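Engineer: Below is the structure, and that's it, no one-letter string:
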């Protein structure tokens with residue numbers, strides 16, 4: 001995927017915003033369940049991010 005790719009406005013509104021809300025909610029639930037500090041949640045989120053940084057290909061869960 002090119003570095004200059006940007007989502008179309010309708011993609012941002014419909015898909016990306018909904019996905020971000022889902023991710024935020026999941027991280028908040030995890031933090032509530034574990035009673036952990038924000039720094040641990042950031043660590044978890046960074047693990048997810050690092051998969052996308054180290055793999056220059058599209059990551060698909062169904063290929064695991």
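Structural biologist: It's in. In this text, all values refer to a predicted model and were calculated from it rather than measured experimentally.
Engineer: What about this structure, which residue is the most distant from its middle?
Structural biologist: residue 35 (20.9 Å; C-alpha atoms, centre = their mean).
Engineer: Mind pulling up the pLDDT for that one?
Structural biologist: With respect to pLDDT, residue 35 has a value of 97.
Engineer: Quick check: the gap between it and residue 25.
Structural biologist: Distance from residue 35 to residue 25, counting by C-beta to C-beta, to the nearest Å: 17 Å. To be clear about C-beta, it is placed using only N, CA and C from the backbone, and glycine gets the same treatment.
Engineer: again, but for residue 32
Structural biologist: Relative to residue 25, residue 32 is positioned 10 Å away (C-beta to C-beta).
Engineer: do the same with residue 53
Structural biologist: Residue 53 is 24 Å from residue 25, where distance means C-beta to C-beta.
Engineer: can you check residue 44 too?
Structural biologist: Separation of residue 44 from residue 25 (C-beta to C-beta): 14 Å.
Engineer: In terms of neighbours, single out the busier of those two.
Structural biologist: Neighbour totals were compared for residue 44 and residue 25, and residue 44 leads with 15 against 10 (other C-beta atoms under 10 Å).
Engineer: That one: what's it in contact with?
Structural biologist: Taking C-beta atoms under 8 Å, 6 or more residues apart in numbering, we find residue 44 in contact with 27, 30.
Engineer: For it, give its distance to residue 33.
Structural biologist: 12 Å.
Engineer: swap in residue 22?
Structural biologist: For residue 22 relative to residue 33 (C-beta to C-beta), the value is 16 Å.
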